[in-house]
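Asks: Provide a 3D model corresponding to the input given below.
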Amino acid sequence: MSNSSPAPEKASHKQMADAIRVLSMDGVEKARSGHPGMPMGMADVATVLFSKFLKFDASQPNWADRDRFILSAGHGSMLIYSLLHLTGYAAATRAELENFRQWGSKTAGHPEYGHMPGVETTTGPLGQGLANSVGFAMAERHMAARFGDDLVDHRTWVIAGDGCLMEGVSQEAIALAGRYKLNKLTVLWDDNSITIDGAVALSDATDQQARFKACGWAVKTIDGHDMGEIKKALAWATKQSKPTLIACRTKIGRGAATMEGSHKTHGAALGATEIEATRKALHWTAAPFEVPEAISKAWLKVGRHGAKHRKAWEASLAASPKAAEFTRAMAGDLPAGAFDALESAIAGLVESQPAQATRQSSGAALDQLFGAVPELIGGSADLTGSNNTFVKGTAILDAPDYDGRYVNWGIREHGMASAMNGMALHGGVIPYGGTFMVFSDYSRPAIRLAALMGIRVVHVLTHDSIGLGEDGPTHQPVEHLAALRAIPNLLVFRPADTIEAMECWKLALEHRTAPSALALSRQKTPAVRTVAASENLSGRGAYEIKAASSEARVTLFGTGTELALALAAAETLEAEGTPTRVVSVPCFELFEQQDAKYQASVIGRGTVRVAVEAGIKQGWERFIGEDGAFIGMASFGASAPAEVLYEKFGITADAVVAAVQARL
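Replies: Below is the predicted model of the structure:
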């Protein structure tokens, strides 16, 4: 007889999947809040993906050439938290699972970028993760073209639900992915035919497979609980020349004793009785949040299996002549001398003082920046000529080589904004995209998420007021400046001339933890910065551009094309003997970051205060107080030439003077 110990029990794939199911229902039960149904339903798919296909190393979550896994169906966050915990991510502790959805935890109700390593993007608003994934995949292909497949060669995997596919942004996203032949993108659709209200058939009858095929995707349908089918389908996806959709037919709440397949498992804890019965049915005897040793070891082995690939990649990086440049780009650092040409141009503008639309000024800034910052990738939602986002001579980013730096996004503002988020999150790319400012409404969900995540994305929003003229009120932004300024951590710039536009572009690129929106005019405006400055004045958010002739009695505030009106009004008031100072306010948000002493010096309390901006008043109370005057819009615009509209709506230098005189 042998005296050796019996071989340790080896965990099956089903047991590994059941670990996800149990941890998910335990986390939701302890929090008394969450969504157990999706993690339980997609546990089998996730187990095969992570154990057989996903390239990652749990000990190095930020390895640049890892595969990206995006949980677009972010409500099922316990799926990713369970996976990160099981595979050995240091931050995904048992304590974090037990603290699911609680104050200070890394395990937020929906996955949040920057909270938990392994979470690639903030998801929850359905469809956003799917749309982000297009940007991830585009960035991967572009970076591979720039640095070579030995440094950049990874896939993007997405788990999406019925809700993600119903959201309108999904159509924009999948059309883009199909057009650009992003064959390293795979969407695993949790095809469980359930929404919160009940069966999908209550509200939708779309043939999703046909829709994806029509957009240029390769499509396969499988049993999402058959490990063999799942494995074959994922292997198939890696060999396609198109992006791939795998429709995984699943049951929501898979494994639940009596509630499997019920919409009631979507967004509520199963309850103690159901959980006890489910544990018995799964033959799971471990206590809550505990995983049997054999299963735990199997999962931890999965978390380590990418280490050899990472080490081989690190050797390739060390041997590459492009190592330093690649590392710099992925870190998000700007190259040395990034702003040299821009600073030189600004110095020349003090002398030349061009009168031009600020959208042209933005284009002039890009002319100086684009060659100096190779990470910049531009684009427009079919408004390139109007947005001035294209730098002459730039190659188009397109299949099959992807080395271009300009994207034709088509009329897809939401898809563009969401994909730009994915590009920024991938790393190595600083995206900017243009559209008319009024259509920022279409982009807003993605802009908000960029601000929430704190990522560097630049939105070029032209035709920023009634000054666009004849296109009328459907295209004239009125409330949009205020609406954008209401988003926390979004830098909203409204430059008044070319120097300010160049300063604002520099600030947008320097701020790595906030997105930016540039509000730019269609109509010409005179140069207002006619004296050289030793600093980037726009970086103060607001600054005195014209001092009063003696102790000021009046302070005028303005932005964009209306700053020239404030300066003209000040000239009239000074001629009448009223000392008047003028303050340019290119960025509310940066002004709020200044110290209290500086803010007080700019605001000028004790003077008559009047602001002029061709938008609504909301937000200006910070500068003018309750008793100050505001010259701007209180209604929608109209169709007419710009100069007529300004006169008819009373946005003139004379109106500013009259408002001051009424208060003196």
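
Asks: So what's the residue count around Gln209?
Replies: By the criterion of other CB atoms under 10 Å, Gln209 has 16 neighbours. Bear in mind the C-beta positions are built from the backbone N, C-alpha and C, glycine included.

Asks: buried residues in the helix or strand where it lies?
Replies: For Gln209, the enclosing helix or strand under DSSP states H and E is helix 208-214. By neighbour count, and taking 16 or more other CB atoms under 10 Å as the criterion, the buried residues in helix 208-214 are Gln208, Gln209, Arg211, Phe212.

Asks: For Val660, grab the count of nearby residues.
Replies: By the criterion of other CB under 10 Å, Val660 has 25 neighbours.

Asks: Secondary structure element holding it?
Replies: According to DSSP H and E, Val660 maps onto helix 653-663.

Asks: Any buried residues in that helix, and which?
Replies: Those would be Ala653, Ala655, Val656, Val657, Ala658, Ala659, Val660, for helix 653-663 by 16+ other CB under 10 Å.

Asks: Quickly list what the residue lying closest to the second one once chain neighbours are set aside is bridged to.
Replies: Closest residue to Ala655 apart from its sequence neighbours, by CB to CB, 6 or more residues apart in numbering: Ile631 at 5.2 Å. According to DSSP bridges, the partner residues bridging Ile631 are Val612.

Asks: Per-residue pLDDT of Ile631, please?
Replies: Per-residue confidence (pLDDT) for Ile631: 98.

Asks: same thing with Glu9?
Replies: On pLDDT, Glu9 comes in at 75.

Asks: cool, and Ala95?
Replies: According to the prediction, Ala95 has pLDDT 98.

Asks: Ramachandran coordinates for it?
Replies: Main-chain dihedrals, Ala95, degrees, to the nearest 10: phi -60, psi -40.

Asks: Tell me the spacing between it and His85.
Replies: According to CB to CB, to the nearest Å, Ala95 and His85 sit 10 Å apart.

Asks: Neighbour count: the two, which is higher?
Replies: Just comparing Ala95 and His85: by other CB under 10 Å the higher neighbour count belongs to His85, 28 against 11.

Asks: who touches that one in this structure?
Replies: Contacts for His85 (CB atoms under 8 Å, 6 or more residues apart in numbering) come out as Leu23, Ala92, Thr93, Arg94, Glu96, Leu97.

Asks: In ChimeraX, select just the buried ones from those residues.
Replies: The ChimeraX command for the buried members of the contacts of His85 (criterion: 16+ other CB under 10 Å) is given here:
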select :23,92,96,97
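
Asks: you'd agree Ile545 is in a strand?
Replies: Yes - under DSSP: H, G, I helix; E, B strand; the rest coil, Ile545 falls within a strand.

Asks: and the closest residue to it other than its chain neighbours, what does it touch?
Replies: Distances taken as CB to CB, 6+ apart place Ser584 nearest to Ile545, at 4.4 Å, with adjacent residues excluded. Ser584 is in contact with Ala496, Glu500, Val528, Leu537, Ser538, Ala542, Tyr543, Ile545, Gly558, Thr559, Leu563, counting by CB under 8 Å, 6+ apart.

Asks: Which ones among these map onto helices?
Replies: Mapping these onto helices (DSSP state H) picks out Glu500, Leu563.

Asks: hang on, the earlier thing: next, format the buried residues of helix 208-214 as TSV and append distance to Ala318 and pLDDT.
Replies: Shown next, in TSV, are those (distance: CB to CB, whole Å; pLDDT from 0 to 100):
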residue	distance to Ala318	pLDDT
Gln208	45	98
Gln209	45	98
Arg211	45	98
Phe212	41	98
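
Asks: what's the spacing between the residue nearest to Ile545 and Thr559?
Replies: When distance is defined by CB to CB, Ser584 is 7 Å away from Thr559.

Asks: shared neighbours, those two?
Replies: Counting by CB under 8 Å, 6+ apart, the shared contacts of Ser584 and Thr559 are Ala496.

Asks: what sits up against stretch 638-647?
Replies: Stretch 638-647 has contacts (CB under 8 Å, 6+ apart) with 466-473, 522-523, 614, 637, 648, 652.

Asks: Put together TSV for these, with neighbour count and secondary structure on each row.
Replies: Listed next are these as TSV, based on neighbours: other CB atoms under 10 Å; DSSP: H, G, I helix; E, B strand; the rest coil:
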residue	neighbour count	secondary structure
Ile466	28	helix
Gly467	25	helix
Leu468	23	helix
Gly469	22	coil
Glu470	12	coil
Asp471	14	coil
Gly472	15	coil
Pro473	14	coil
Arg522	22	coil
Gln523	20	coil
Ala614	27	coil
Gly637	23	coil
Lys648	12	helix
Thr652	18	coil
